[in-house]
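Colleague: for reference, the sequence and a predicted model appear below.
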Amino acid sequence: MNEVKECLRNIEQTYKIFQQQQFTFIAALEHTREDAHDKIRPVASIGQVQAYMDHHCNNTTDRRILLMFLNICSELNKLCQKLEALHPGTSVTNNILEKCKLLVSPSNDLSTIRAKYPHDVVNHLSCDEAKNHYGGVVSLIPIVLDCMKAWVAHSEKLPRNFLHNVSDGNADSQKRTQQDVSAKASTPLGPHPATLTTATQTLVSYKDYSQEQNSKHGKKEHLNGTGRNTWKYLNGPWKPPGKHSF
């Protein structure tokens, strides 16, 4: 939870800098929409801003502020994933999280959303700009930040054992994984006889057969040689019959 809070604080700090440059942001959208010949429809999605920057942005100032907006949206999207992984959630926190995920989706229609008090981003626009062009896109980030703060507030009210059990589950899973790795590391190298491949079995059989044949051949020669030598020593050298015979 502390990591989530830290991420949320960092995004808020970046947004404060962006908020101070809202007029620059609107001017960049004006320039890119004009270049895209898209002055009629409102800026209604993150994907639309991305397309303006990629294809119709002609100066570094406009690119910088549009990229800053897109980076904040990207960080909010990543934070949604962290929130989802932190704990299974309740009906309240899950509804808040689903709203956040929908809002930061690149294709979601933002044209009808409006940030309300204490946010004053819409008030900095003219009536025409607020109603027909930029009211939704400037309201996106403050609304999502408010939702994420609400998610954190509700999560902190959950029982301690709720988050503790989730942490224990992750720890047990890591422990089992480490045990499996240790068990594999302690297993002697080389395939178990029961898991030998067909090619390996064939090679082993061939070696056994060769050793058996060599053994038989050597045994035969040994027996033959032993037979000759035994006859020689038991009977002595051959001598013709006669007086020299003993």
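Modeller: That came through, no problem. Numbering: from 1, shown residues only.

Colleague: all contacts plus neighbour counts: C-alpha atoms, from now on.
Modeller: Fine.

Colleague: please save the CA atoms from the helix or strand residue 148 falls within in CSV.
Modeller: Residue 148 belongs to helix 135-156 when assigned by DSSP states H and E. Only the C-alpha atoms of helix 135-156 are listed here, as CSV (Å, rounded to 0.1, in the frame of the first residue of the first chain):
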residue,chain,number,x,y,z
GLY,A,135,-14.3,20.1,-21.2
GLY,A,136,-13.8,16.3,-21.1
VAL,A,137,-10.1,16.1,-21.8
VAL,A,138,-9.1,18.6,-19.1
SER,A,139,-11.4,16.8,-16.6
LEU,A,140,-9.9,13.4,-17.1
ILE,A,141,-6.8,13.4,-14.9
PRO,A,142,-8.4,15.1,-11.8
ILE,A,143,-11.4,12.8,-11.9
VAL,A,144,-9.2,9.7,-12.1
LEU,A,145,-6.9,11.0,-9.3
ASP,A,146,-10.0,11.5,-7.1
CYS,A,147,-11.2,8.0,-7.8
MET,A,148,-7.8,6.5,-6.9
LYS,A,149,-7.7,8.4,-3.6
ALA,A,150,-11.1,7.0,-2.8
TRP,A,151,-9.9,3.5,-3.6
VAL,A,152,-6.9,3.9,-1.2
ALA,A,153,-9.2,5.4,1.5
HIS,A,154,-11.6,2.4,1.3
SER,A,155,-8.8,-0.1,1.1
GLU,A,156,-7.2,1.3,4.3
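
Colleague: so which elements touch that helix?
Modeller: In terms of contacts (3 or more Cα pairs under 8 Å, 6 or more residues apart in numbering; DSSP states H and E), helix 135-156 is packed against helix 2-19, helix 60-86, helix 91-103.

Colleague: average pLDDT across the second one?
Modeller: The reference is to helix 60-86. Helix 60-86 comes out with an average pLDDT of 96.

Colleague: one more: the last one?
Modeller: For helix 91-103, the mean pLDDT works out to 95.

Colleague: the residue lying closest to residue 72 once chain neighbours are set aside - how many residues pack around it?
Modeller: In space, residue 72 comes closest to residue 11 once its chain neighbours are excluded; the distance is 6.7 Å by Cα to Cα, 6 or more residues apart in numbering. Using other Cα atoms under 10 Å, the number of residues around residue 11 comes to 19.

Colleague: please apply the same query to residue 16.
Modeller: 10.

Colleague: likewise for residue 117?
Modeller: Neighbours around residue 117, by other Cα under 10 Å: 9.

Colleague: any idea how far residue 97 is from it?
Modeller: Distance, residue 117 to residue 97, by Cα to Cα, to the nearest Å: 22 Å.

Colleague: and if you look at residue 82?
Modeller: From residue 82 across to residue 97, the span is 11 Å (Cα to Cα).

Colleague: cool, residue 48 as well?
Modeller: From residue 48 to residue 97 the distance is 23 Å (Cα to Cα).

Colleague: residue 20 too?
Modeller: 27 Å.

Colleague: low-scoring pLDDT stretches of this structure, where are they?
Modeller: Scanning the chain for pLDDT under 70 picks out 160-246.

Colleague: on that earlier part again, now do the helix holding residue 148 against helix 91-103, angle only.
Modeller: Helix 135-156 and helix 91-103 are oriented at 150 degrees to each other (axes from the mean of the first three to the mean of the last three Cα atoms, to 10 degrees).

Colleague: contacting residues around helix 135-156?
Modeller: 5, 8, 12, 15, 43-46, 72-73, 76, 89, 92-93, 96-97, 99-100, 103-104, 110-115, 119, 121-122, 125, 129-130 (Cα atoms under 8 Å, 6 or more residues apart in numbering).

Colleague: buried among those? Need that as a selection in ChimeraX.
Modeller: Buried residues within those, by 16 or more other Cα atoms under 10 Å, are selected in ChimeraX with:
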select :8,12,15,43,44,45,46,72,73,76,89,93,96,97,100,103,104,110,111,113,114,115,121,122,125,130
